[in-house]
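In: sequence and predicted structure are below.
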Amino acid sequence: MVRQERRLACLFFFFLAAFLFLMGKIAYLQLYKGRELAAAAVQERTIRLPVGNFLRGAILDRMGRTLLDSRICYGVAVFPALLNPFGHSEPASAGDRSGAAAEVCGELFSILPPKYRTPEMVNIFQRALQQGAPFFLPGTVEQEEAAPISRSNIPGVYAVPLVQRYGPNSLARHLVGTVGGSVLSGEVEHGLSGIEAAYDEELAPPETVLNLVALVDGKLKPIPGRDLCISGERGSAVKGKDVVLTLDRRVQEVVERVMDERVVKGAVAVVDVRSGEILAAASRPGYDQKTLVGDQFDRCFSLQHPGSVFKIVVAAAALAEGVVRPEELFHCKGEYSFEQGGGISCWKQDGHGNLSFREAFACSCNPVFVEVALRLGRQKLEYYSRLLGLEERIAGYPPGDWRGGEVRIGSFPGDLGNAALGQDGVRIAPVNLAALAATVARGGVYIRPSLVKGIGDSKGGEFQAIEGPPARRVLPQAVAGELQGMMELAVNSGTGSEAQLPGIGCAGKTGSAETGKVDRQGRPIVDAWFVGYAPVDVPQVAVAVFVEGGGSGGNCAARIFREIIDALHRV
């Protein structure tokens, strides 16, 4: 009896130990290995095709409107393991795939766009089929081209919606820049230039690679009703952050339309007088952001000789320092002669005769401004150039050591004379000259121009707003008021008369910058400028117009300024 009880006790403890062991094993698998095993089970029931993460953040204008004109395109994905051209109950084997390649090609290529119907493409397709791994056909197709593929229901062939980052109506292309990387080859898009490069870290999605996942059963057959899905390594795919610029899409559209009609080479920058924010920045010639065909040089942010537009700086410095009075009389005989020899001619060969400093500004008299610059001196002129913000960076762009201008004047009187006319030693970007006009328009208060309003989810999620630069007074109110009157006079009765716009009122300054180059007929190539603001009563926008090889600023650039202001007034 005792022996039997011992035997029962041993059996009880044996089964108890086995039960506890099994329960522990189950608990271990459930609690510690459950997620891993579930993922492995899913992995066994899926076929994956890596694709570069195309969920890059958007680049938007101040109102959240796209500047990219992004649209849906389609990649043609092929899963050879799912192809079943013979109607077999089992998926196609490697041998079947090899023998059926021609049949599949014939059926598929009959519904593909013509660009795929080439012997080279057929060879690529057949080789990829025989290798067995999922793949994308090279290039993408439009929606109307993808529709027949979706309707065909060929097993293992899918039209996959992707994002074509740049559409035909994208704006501010030089500023926005471009991306590189082929998502169809599993590469993530990365910024190559412009905002795309400067804010690549913010725009880029968290994961570089996504997976195009086909759900299959144990026999590798597609599960009915379960379409392809796109997922990240950590679950659902997450897009990059949006970058919201200060640009106004409507203003940018107006500027680009006028430039396409009038400008072969050049740039236009528009600045909000009240805030200093850049509303438009356009450069021509344009280029294709997808193929990179065209001129990628951004003239809006490149340094150029400003010509007589720089007389705004000379006048501001001279009036602030008291070396000249607005009503002071001068005599222009057509040339300023230096004591050391040589001279600088006026654009009006026989001279302007007697005129006040105010009138000399309006009619852009070179000899008068050379004389005033010599009174002022090189150091003072360089100081006021910096004070007025001409050498400062744009808030938010571009990266690196870029500066908006460079004023480095030589030590000889002739160097200072040429600098006073915006030639030797003076180079300034159009966007900074628009900011100069805005400084005058707001009464001598400088606000560093800015380009980026914020980063993040522009549609109500987490968004980091970027505070605009502070304002600072750089000119006395009286001096700024005198400059305003002189710029109005230049438009009403001076060299900028082509900028007149009845009912609105404009103020500005013309410029014609010598390049030292000649055209095929041997004539000097001269760049045209006009920098101004409008309306004069309550200034809203300041505009810089630069036309490479445009000749007279009063004829070419002033007219473009007028057309832009007129169009903006009608928006």
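Out: Arrived safely, thanks for sending.
In: from memory Leu184 sits against Gly52, does it?
Out: Yes: with contacts counted by CB atoms under 8 Å, Leu184 reaches Gly52, the gap being 7.4 Å. Where you see a C-beta, it was placed from the backbone N, CA and C, and this is true even at glycine.
In: using CSV, write out every CA atom in stretch 188-201.
Out: Provided in CSV are the C-alpha atoms of stretch 188-201 (Å, rounded to 0.1, in the frame of the first residue of the first chain):
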residue,chain,number,x,y,z
VAL,A,188,15.2,57.3,-50.6
GLU,A,189,14.9,60.8,-52.2
HIS,A,190,17.5,63.2,-50.9
GLY,A,191,17.9,67.0,-51.5
LEU,A,192,20.4,68.0,-54.1
SER,A,193,19.9,71.8,-54.2
GLY,A,194,17.8,74.7,-52.9
ILE,A,195,15.4,74.2,-50.0
GLU,A,196,15.3,70.5,-50.7
ALA,A,197,19.0,70.3,-49.7
ALA,A,198,19.0,73.0,-47.0
TYR,A,199,16.1,71.3,-45.1
ASP,A,200,16.8,67.7,-46.2
GLU,A,201,16.9,66.4,-42.7
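In: now it: buried residues?
Out: 188-200 (16 or more other CB atoms under 10 Å).
In: touching it from outside, list them.
Out: Stretch 188-201 is contacted by residues 52-54, 56, 59, 165, 174-181, 183, 203-205, 208-209, 243, 245, 296, 298, 397-399, 452, 455 when judged by CB atoms under 8 Å, 6 or more residues apart in numbering.
In: what about Asp415, how many residues close to it?
Out: By other CB atoms under 10 Å, the residues close to Asp415 number 16.
In: part of a helix, is it?
Out: Yes: the assignment for Asp415 is a helix, going by DSSP: H, G, I helix; E, B strand; the rest coil.
In: since we're on the residue nearest to it when sequence neighbours are not counted, how many residues are nearby?
Out: Sequence neighbours aside, Ile409 is the residue nearest to Asp415 in space, at 5.6 Å (criterion: CB to CB, 6 or more residues apart in numbering). Using other CB under 10 Å, Ile409 is surrounded by 21 other residues.
In: give the contact list for Ile409.
Out: Here Ile409 is in contact with 378, 381-382, 415-416, 419, 425-426 (CB under 8 Å, 6+ apart).
In: now rank these by neighbours and give me the top one.
Out: Val426 (28 neighbours).
In: hang on, it packs against Phe310?
Out: Yes: assessed by CB under 8 Å, Val426 is found in contact with Phe310 at 5.6 Å.
In: so how far is Pro306 from the closest residue to Phe338 other than its chain neighbours?
Out: Spatially, and ignoring its direct neighbours in sequence, Phe338 is nearest to Pro413 (5.3 Å; CB to CB, 6+ apart). With the distance defined as CB to CB, to the nearest Å, Pro413 ends up 21 Å from Pro306.
In: partners of Gly343 in the sheet?
Out: Ser337 (DSSP bridges).
In: how many neighbours does it have?
Out: Gly343 is flanked by 13 other residues according to other CB under 10 Å.
In: that one: what's it in contact with?
Out: Neighbouring residues of Gly343 by CB under 8 Å, 6+ apart: 335-337.
In: tell me the mean pLDDT for the helix or strand harbouring Gln464?
Out: Using DSSP states H and E, Gln464 maps to strand 463-465. Averaged across strand 463-465, pLDDT comes to 86.
In: counting contacts, what elements does that strand pack onto?
Out: Under the contact definition 3 or more CB pairs under 8 Å, 6 or more residues apart in numbering; DSSP states H and E, strand 463-465 sits against strand 452-456.
In: following the chain onward from the lowest-mean-pLDDT helix or strand in the chain, which element is next?
Out: The helix or strand of the chain with the poorest confidence is helix 34-44; it has a mean of 47 (mean pLDDT, DSSP states H and E). Next in sequence after helix 34-44, counting helices and strands by DSSP H and E, comes strand 46-52.
In: and the helix or strand that that following strand is followed by, what does it pack against?
Out: Counting by DSSP H and E, the element after strand 46-52 in chain order, helix or strand, is strand 59-60. Packing partners of strand 59-60 (3+ CB pairs under 8 Å, 6+ apart): strand 242-245.
In: and the strand it packs on, which strands flank it?
Out: strand 59-60 (parallel), strand 452-456 (antiparallel).
In: got CSV for those, with mean neighbour count, distance to Val323 and mean pLDDT too?
Out: Compiled in CSV, the strands paired with strand 242-245 are given as follows (neighbours: other CB atoms under 10 Å; distance: least, CB to CB, whole Å; pLDDT from 0 to 100):
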stretch, mean neighbour count, distance to Val323, mean pLDDT
strand 59-60, 24, 47, 97
strand 452-456, 20, 40, 94
